[in-house]
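Q: build the 3D model from these lines:
(one chain, ligands or ions: 1)
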Amino acid sequence: MIDRLFGKPISDSTCVALDLSATNLDLLPSIYGNDIAFKAYIESKIGDKIGFGGYLEHRVIYETYANFATSSADFRNIHLGMDFWTKAGTPVFAPLDGEVRSFQVNHGAGNYGPTIILHHPAENIYSLYGHLSMGDLSQLEIGLPISAGQKLCHLGNSDENGGWPPHLHFQLIRDMQGLKGDYPGVCSQRDAEYYAHNCPDPSRYG
Ligand SMILES: [Zn+2]
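A: This is a model prediction of the structure:
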């Protein structure tokens, strides 16, 4: 499925696995805590390839954002989707047939910014696209049919995507739990078992 997102296979010649886990000791607080240093770090790792990874990754990078802390004992730091890091403006294609379920701008530093959620009735699953460009939401309406392979959206820049180096957050969701335009992309260790089931690994799906 993930091969279809950028219209090319996720292979060594086009992509590089990116480790943003707590066990990556290169990723110092002075890097992930500084927008410019973090962007330079990502760029140094990916070059002109697509950096990818992050499913169920235990990350420290969220420490810098207040909206990930529900309490100090329940910090959300397990990443539930896959991230694809490449240039702002890069187009993203729908991986499956479906329809627009919901969309909105999720405001706040570290949040998704512009976000689209598709429903895929044949697979009985939803897909979420976060950190998009603002213009991607202007032509959408709820229920709009989307075909597999159709250009759906673009990676947003840091001014519109929640302040991140440009990347797509892509997440599969079985049960939306009644949410629209948003769904947690990161959970606490305590809730990881539930979310790991509700949000299957995109790299192993379809
Ligand atoms: Zn993400």
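Q: distance of residue 149 from residue 23?
A: Using Cβ to Cβ, to the nearest Å, one obtains 37 Å as the distance from residue 149 to residue 23. Bear in mind the C-beta positions are built from the backbone N, C-alpha and C, glycine included.
Q: who's more crowded, these two?
A: Using other Cβ atoms under 10 Å as the criterion, residue 149 and residue 23 rank with residue 149 on top: 13 against 9.
Q: please, which helix or strand holds the residue in the chain that the ion sits nearest to?
A: For the chain, the residue closest to the ion is residue 169, as judged by Cβ to the ion, at 3.4 Å. Under the criterion DSSP states H and E, the helix or strand holding residue 169 is strand 167-173.
Q: and this structure, which residues reach the ion?
A: On the criterion Cβ under 5 Å from the ion, the ion has as its neighbours in the chain the residues 83, 169.
Q: mean confidence for stretch 140-155?
A: Looking at stretch 140-155 alone, the average pLDDT works out to 98.
Q: next one: it to chain centre, how far?
A: In terms of Cα atoms, centre = their mean, to the nearest Å, the gap separating the centre of stretch 140-155 from the centre of its chain is 16 Å.
Q: helix or strand: which one has residue 115?
A: Secondary structure assignment for residue 115, by DSSP H and E: strand 113-120.
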